[in-house]
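*Asks:* model this:
(chains A and B)
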There are 2 protein chains.
Amino acid sequence: MNAVKEEEEIVYEVAVVVPKRNLKEENGEYDCVEVLVNEFRNVGLVVDRVLGLSDEFIKLGAPLETLGRAAAKLGMKKPTHIGIELQFECEETEAFLRQPDGSLFSWCERFQCYRHLIYETVNKKDSDISLKFDSKEIQWEAGESLLQRLESEGIVKQVFPLHDETKRKKLLKSWALNCWDLTKQPIDEIYAYFGTKIALYFAFIGMYTRWMIFPASFGLVVQLVDFGSLQLLVLPAFFVGIVLWAVLFFQFWKRKNAALAARWQLNFSVSTGQGYKVLGREWSCIQSPMEVIKNLGNDKAKEKEAFQRYEWFGYLKRFRNDALVILSIICLQLPFELAYAHLYEVIKSDIVKFGLTAVYLFAIQYFTQIGGKISIRLIKHENNEYTEYRADSLVYKVFGLYFMQSYIGVFYHALLHRNFKTLRQVLIQRLIISEVFQNLLENSIPYLKYNYKKYRAVRNKKKREKGSTGKIQFTSRVEKEYLKPTYSASICEELEDGLFDDFLELALQFGMIMMFACAFPLAFAFCALNNIAEIKTDALKLLAMLKRPVPRAAATIGAWLNIFQFLILMSICTNSALLVWLYDQEGKWKIEPGLAAILIMEHVLLLIKFGFSRFVPDEPAWVRANRMKNATQAQYMCSKQLLRSISGGERSLNPRKTPDELKKTE
Amino acid sequence: MNAVKEEEEIVYEVAVVVPKRNLKEENGEYDCVEVLVNEFRNVGLVVDRVLGLSDEFIKLGAPLETLGRAAAKLGMKKPTHIGIELQFECEETEAFLRQPDGSLFSWCERFQCYRHLIYETVNKKDSDISLKFDSKEIQWEAGESLLQRLESEGIVKQVFPLHDETKRKKLLKSWALNCWDLTKQPIDEIYAYFGTKIALYFAFIGMYTRWMIFPASFGLVVQLVDFGSLQLLVLPAFFVGIVLWAVLFFQFWKRKNAALAARWQLNFSVSTGQGYKVLGREWSCIQSPMEVIKNLGNDKAKEKEAFQRYEWFGYLKRFRNDALVILSIICLQLPFELAYAHLYEVIKSDIVKFGLTAVYLFAIQYFTQIGGKISIRLIKHENNEYTEYRADSLVYKVFGLYFMQSYIGVFYHALLHRNFKTLRQVLIQRLIISEVFQNLLENSIPYLKYNYKKYRAVRNKKKREKGSTGKIQFTSRVEKEYLKPTYSASICEELEDGLFDDFLELALQFGMIMMFACAFPLAFAFCALNNIAEIKTDALKLLAMLKRPVPRAAATIGAWLNIFQFLILMSICTNSALLVWLYDQEGKWKIEPGLAAILIMEHVLLLIKFGFSRFVPDEPAWVRANRMKNATQAQYMCSKQLLRSISGGERSLNPRKTPDELKKTE
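*Replies:* Numbering: from 1, shown residues only, chains lettered A, B, ... in the order given. Okay, here's the model as predicted:
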């Protein structure tokens, strides 16, 4: 029961920002902000108002009962002690599993409840209410959500999740500023504080860095030790070694992911407002055909047909979009990148080179922006009603762009020079530039942005209160947080957050070191160091530089896993090509035993890559057994009871009825 | 309700064979057969006794109530109207879904009940009972199953499922002897009569043959039409075409399989005596670690550790076995096969060649026997407690043997001659021999066996009754069925039935035509014809030549699907090699544009092979939606009810308790 007590010390978790009003005018009853605050209090939220320099902050906290009521109203499904998920009911809280930290709701669920609560502040009267904001008049229509109205009027500037200061400080100490545990992280606390998706990112990068030790040391040995006559065999051995390493790593990551999902009780479906998600993307296109079906009535054959039409139409559209993206990458981006790489080679003057690079960097910024926008427009025409799936689709499309951008130049160099030294130089340049600069930028830009905003806020304040002298200080933490930048993606803020950039960086790095492993074995060691820094800077960024991110529920790392797998495949092919080039320095290109051996090795590795997952399943046996046991328990619990109710109401329960009809018969 | 009436016309579905006894001796009370028959009657079975020439046949039928009682006792889980599976209860039959033909139990379930019922005839008294068989005395110990006892004494000769004459005749007419529908088959009736696994085989071969029309006609065109200057491009186009065809076919087969499973209500787990099986092999190694765990008590960490140890030990063992099999195939079988192929090439004399082939054929018969036995012994040391999984493991191992045996000779010819004409000859020889002869053998051997047995039975009868003259006729159908051979595999009768041979034939054929597609495009047309014949002869064999096979529950075609997928992969590689050889007739082996193009084509095809399943999921949307709807319904039905019971008994229901403990608390 101490978990309940803990929750009762109200933590303000969401803030609503409104401009400061003219406080002199004191007919508060019709002031829209006062009404909003009253509405918040009515739905059971605890409100704390803070006046900042130029804005007012309404901090909101929710006691457990309020959250529970919202969860029940949302029809939120939560795992119970018998393993199956059931709709949440306020009276039966004992039946539901608690989070690892003892609370009933996870941060994702809490945030969902908050959002439900604050947007549920509708006008329950029959008539419109006219509200005032300073001198402006606002019509609050019957049945309209006040917050939505105020947002569209621009009065509510932002709604954002607040940092929880005690937990944040604890995490800072145990995680971001903990210099001893380089890759070990308090994943459960990260999960409790940031939600699933961010916790999975850190679990992934931690495991990735830990596993990196093997190829890093192997690479160091290959690079530094002279093997004499065996030198010709060392590189193929290294190649086979790192491919096996990558295959093993991703299989074990899947198992770890399954174990984490079991620990965080994500093993079954998690229901959000829009649909269902299971591990992977099982229920992606379920919800909307349902709508189609309802109009068709009870005809089963017609229903099936409609589903099939809908399904295939969806595939066609997706296929068309993918074809469009791939074609435009090949026809537009590829020539551009090749032209740059070629010009860079041809031009002798350093100044022109510098100018060219500047133009190029400017152009690709612009290109990726356009690419992102086109991708989003395309995705909107797909049948993916479900947000996480859309986000994945976006990730694939945008990664295509970045893939071309990052690697085509390197390929060009590899092909043109057939000289490992130049290739190595290019790789070092790219790796250091991309990694080090990106890490610096990633952390300095939010800090600069924050400082600039702070400076501007103070200046504005000074301007307004010209007479007052003395230093103006930020007294409230919530205002400081408001000025911090949000954790957002560089390409598209609708579907993805900052994780997109972090994963993109990781994937591009992985591709770079894997695809050209034979050319530059030292890269792994460099990356291992870089990733350790990356963990710490990302942690610091999330905890200190940015607003608390909006939590996202996702049971896996989604599209990124497939991208990593694809990069392994690519690396098998490119390394084979590199080895052929390396051993065929005279340019004879004959199918000698050497080339045949490399081809056979390539095929064997491809076979291993695809066959390995059959040997070691994606889910550890104990997770599976646990799920199984739970299912059996559920059966023991409710078998008889259920049977009676089914066969009692059998007539009204033939499977053609929709859940809505079912509800009516109850 | 007419479904129930239909069931009440008793159909005898199982027969027990005992020898004819000396009928003079009339103290029937202690005659073991009489006691057995009485026991059968006691458990509710309907008994019909038929006297044959030298044996007595006890035909057993079960009314619906008896089956229901057995099912409830077995704890059989059946799908209900709300989609989830629940334990069968006799009183609540209305809650359970019926089979497509209106009956409550499928043939698999019925057979399971029968087996339970006849082996449940235990001695319920405290003391042993002494029974007589002719003059022999048998001690029936307390608590022992009588049937088992009699089987071990050799008195019960066989227990076998009986053909249902009306349904059999209907199927013969609508399926085996229906000459108009070449590939369309009454799959639902086949399912009802033979069970899932055989129905899936016929569904597969039917779809396979229908899809074969495309490559068959493409192959005909390639073979017969002269494309002039485009001739060089035709073969690569054909290659790409058939690989795409194969990839599409298997993806659509998976979808069809899912649809069939949904229609036959196999979409959730099917419980047998030993464990759980879901689509695929999810619960394969669950049951036995449970036993390990029980002794450990409630320690969760220890439990997890034990599971992990058990799991990894299992993988290690399996890995060891697989390595053993692969090594022995490569080190023992490969040289042998190569030696034969080489000798056959070298020897000039036709007589010696003939002798060599005879010796070879004899040797490989012996080899596969040994291989099968070794595989079974290896599998017994694996952790697969669950029969279907073991069967799959056997299939993989034995297929390895056959793969080497069937293809290595062809590869040798392809490599040695680099001449498509000789290769084509070898292929035609192999295809015709393997297909036509196998089809003939497959059908004639059971017929000959049956006739020989009949002849022997009559001769024995004549010997015994020397005086009696006149023709001896078989009057009872059950005796004829008893003399028919069983549907058994050639390698191992424990784990597989005749389906092994049928699938093996299909897989070897598929490998032959796919892997050497570029060398002999006509093969597809030949195979299409052969498969049409195969469907009919297999149907005839099952309906007329053999005993009714023991039904096996399986939701997919299991290991064979993976083998087919592997063969597609192999075919991509071998056809690329064939094309390289074909276009490089001067033996220069230079990496020219042609070779590079073929290599690129190969990689693109491999990518498509692995990427395609991401575009089109294995399960049609309507099946998924149906499952989803069912789950939602179940939730609506029982959410509140369940919650109350969970949180009421929450203390006693923490997830660490085992189902057994749960039972006690109820």
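
*Asks:* now do the contacts for A:Ile491.
*Replies:* A:Thr368, A:Gln369, A:Gly371, A:Gly372, A:Leu394, A:Val398, A:Phe500 (Cβ atoms under 8 Å, 6 or more residues apart in numbering or on different chains). For every residue, glycine as well, the C-beta is placed using N, CA and C.

*Asks:* could you do A:Val234 as well?
*Replies:* Contacts of A:Val234 by Cβ under 8 Å, 6+ apart are A:Val222, A:Phe227.

*Asks:* can you tell me the helix or strand for the closest residue to chain B within the stretch 401-550 of chain A?
*Replies:* Nearest residue of the stretch 401-550 of chain A to chain B: A:Leu415, at 12.4 Å (Cβ to the nearest Cβ). Using DSSP states H and E, A:Leu415 sits within helix A:387-417.

*Asks:* which strands and helices sit next to that helix?
*Replies:* When contacts are defined as 3 or more Cβ pairs under 8 Å, 6 or more residues apart in numbering or on different chains; DSSP states H and E, helix A:387-417 packs onto helix A:300-328, helix A:334-346, helix A:350-380, helix A:420-432, helix A:499-515, helix A:559-583.

*Asks:* quick check: angle from it to helix A:350-380?
*Replies:* 150 degrees (axes from the mean of the first three to the mean of the last three Cα atoms, to 10 degrees).

*Asks:* distance from helix A:387-417 to the middle of the chain?
*Replies:* The chain centre lies 18 Å from the centre of helix A:387-417; the measure is Cα atoms, centre = their mean, to the nearest Å.

*Asks:* do stretch A:9-20 as well
*Replies:* Worked out by Cα atoms, centre = their mean, stretch A:9-20 lies 25 Å from the chain centre.

*Asks:* for that stretch, which outside residues touch it?
*Replies:* Residues outside stretch A:9-20 that contact it (Cβ under 8 Å, 6+ apart) are A:33, A:36, A:46, A:48, A:51-52, A:54-63, A:110-111, A:114, A:118, A:147, A:150, A:155-162, A:164, A:478, A:481-482.

*Asks:* which among these are in contact with chain B?
*Replies:* Here nothing survives when the contacts of stretch A:9-20 are matched to chain B using Cβ under 8 Å from any Cβ of the partner chain.

*Asks:* and A:Lys480, how far from A:Lys173?
*Replies:* Using Cβ to Cβ, to the nearest Å, one gets 20 Å for the distance from A:Lys480 to A:Lys173.

*Asks:* counting neighbours, go ahead and name the busier of the two.
*Replies:* A count of neighbours by other Cβ atoms under 10 Å in any protein chain shown puts A:Lys480 above the other of A:Lys480 and A:Lys173, at 15 against 10.

*Asks:* secondary structure element for that one?
*Replies:* Using DSSP H and E, A:Lys480 falls within helix A:477-483.

*Asks:* where along the stretch 151-300 of chain A do the strands fall?
*Replies:* All strands of the stretch 151-300 of chain A, identified by DSSP state E, counting those that start in this stretch, fall at A:158-161, A:270-271, A:276-277.

*Asks:* about what we covered before: with neighbour count and pLDDT added, can I get the contacts of A:Ile491 in TSV?
*Replies:* What follows is these, written out as TSV (neighbours: other Cβ atoms under 10 Å in any protein chain shown; pLDDT from 0 to 100):
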residue	neighbour count	pLDDT
A:Thr368	17	83
A:Gln369	13	83
A:Gly371	24	85
A:Gly372	21	84
A:Leu394	24	84
A:Val398	25	87
A:Phe500	24	87
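
*Asks:* of the residues you listed, just say which sits nearest to B:Thr537.
*Replies:* Set against B:Thr537, the nearest of these by Cβ to Cβ is A:Leu394 (53.9 Å).

*Asks:* just list the residues touching the closest one, thanks.
*Replies:* Going by Cβ under 8 Å, 6+ apart, A:Leu394 touches A:Gly372, A:Ser375, A:Ile376, A:Ile379, A:Ile491, A:Cys492, A:Leu495, A:Glu496.

*Asks:* for A:Arg377, see how far away it is.
*Replies:* A:Leu394 is 11 Å from A:Arg377, by Cβ to Cβ.

*Asks:* what's the end-to-end length of stretch A:222-237?
*Replies:* The straight-line separation of the ends of stretch A:222-237 (Cα to Cα, to the nearest Å) is 10 Å.

*Asks:* for that stretch, the distance to its chain's centre please.
*Replies:* The answer for stretch A:222-237 is 41 Å, by Cα atoms, centre = their mean.

*Asks:* one more: stretch A:482-494?
*Replies:* Worked out by Cα atoms, centre = their mean, stretch A:482-494 lies 13 Å from the chain centre.

*Asks:* check which residues of it are buried.
*Replies:* Across stretch A:482-494, burial judged by 16 or more other Cβ atoms under 10 Å in any protein chain shown covers A:Tyr482, A:Leu483, A:Lys484, A:Pro485, A:Thr486, A:Tyr487, A:Ser488, A:Ala489, A:Ile491, A:Cys492.

*Asks:* correct me, but the first one touches A:Gly52?
*Replies:* Translated: A:Tyr482. Yes. Counting by Cβ atoms under 8 Å, A:Tyr482 touches A:Gly52, with 7.4 Å between them.

*Asks:* mind listing what A:Leu569 touches?
*Replies:* Counting by Cβ under 8 Å, 6+ apart, A:Leu569 makes contact with A:Leu606, A:Lys609, B:Leu607, B:Phe610.

*Asks:* mean confidence for stretch A:93-104?
*Replies:* Taken as a whole, stretch A:93-104 carries a mean pLDDT of 78.

*Asks:* now do the end-to-end distance for that stretch.
*Replies:* OK, stretch A:93-104 end separation, Cα to Cα: 8 Å.

*Asks:* tell me which residues of that stretch come out buried.
*Replies:* Across stretch A:93-104, burial judged by 16+ other Cβ under 10 Å covers A:Thr93, A:Ala95, A:Phe96, A:Arg98, A:Gln99, A:Ser103, A:Leu104.

*Asks:* what count of nearby residues applies to A:Glu120?
*Replies:* 16.

*Asks:* dump the residue contacts of it.
*Replies:* By Cβ under 8 Å, 6+ apart, the neighbours of A:Glu120 are A:Val43, A:Ala70, A:Ser145.

*Asks:* please apply the same query to A:Asp126.
*Replies:* So A:Asp126 contacts A:Ala142 (Cβ under 8 Å, 6+ apart).

*Asks:* quick check: it is in a helix.
*Replies:* No. Assessed with DSSP: H, G, I helix; E, B strand; the rest coil, A:Asp126 is coil; it does not lie in a helix.

*Asks:* so A:Met515 sits right up against A:Ser576, yeah?
*Replies:* No. With contact defined as Cβ under 8 Å, A:Met515 does not reach A:Ser576; the gap is 11.1 Å.

*Asks:* so for the two, which sits in the more crowded spot?
*Replies:* Legend: neighbour count by other Cβ under 10 Å for A:Met515 and A:Ser576, higher for A:Met515 (25 against 22).

*Asks:* which residues sit in contact with that one?
*Replies:* Here A:Met515 is in contact with A:Tyr407, A:Val410, A:Leu567, A:Met570, A:Ser571, A:Thr574, A:Asn575 (criterion: Cβ under 8 Å, 6+ apart).

*Asks:* buried ones among the contacts of stretch A:9-20?
*Replies:* A:33, A:36, A:52, A:55-62, A:110-111, A:114, A:118, A:147, A:150, A:155-156, A:159-162, A:164, A:478, A:481-482.

*Asks:* what residues sit buried inside stretch A:434-453?
*Replies:* Judged by neighbour count using 16+ other Cβ under 10 Å, the buried positions of stretch A:434-453 are A:Ser434, A:Glu435, A:Gln438, A:Asn439, A:Glu442, A:Asn443, A:Pro446, A:Tyr450.

*Asks:* again with stretch A:11-22
*Replies:* A:Val11, A:Tyr12, A:Glu13, A:Val14, A:Ala15, A:Val16, A:Val17, A:Val18, A:Arg21.

*Asks:* can I get those residues in a markdown table including secondary structure and pLDDT?
*Replies:* Formatted as a markdown table, the buried residues of stretch A:11-22 follow (DSSP: H, G, I helix; E, B strand; the rest coil; pLDDT from 0 to 100):
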| residue | secondary structure | pLDDT |
| --- | --- | --- |
| A:Val11 | coil | 84 |
| A:Tyr12 | strand | 88 |
| A:Glu13 | strand | 88 |
| A:Val14 | strand | 90 |
| A:Ala15 | strand | 90 |
| A:Val16 | strand | 90 |
| A:Val17 | strand | 89 |
| A:Val18 | strand | 87 |
| A:Arg21 | coil | 74 |
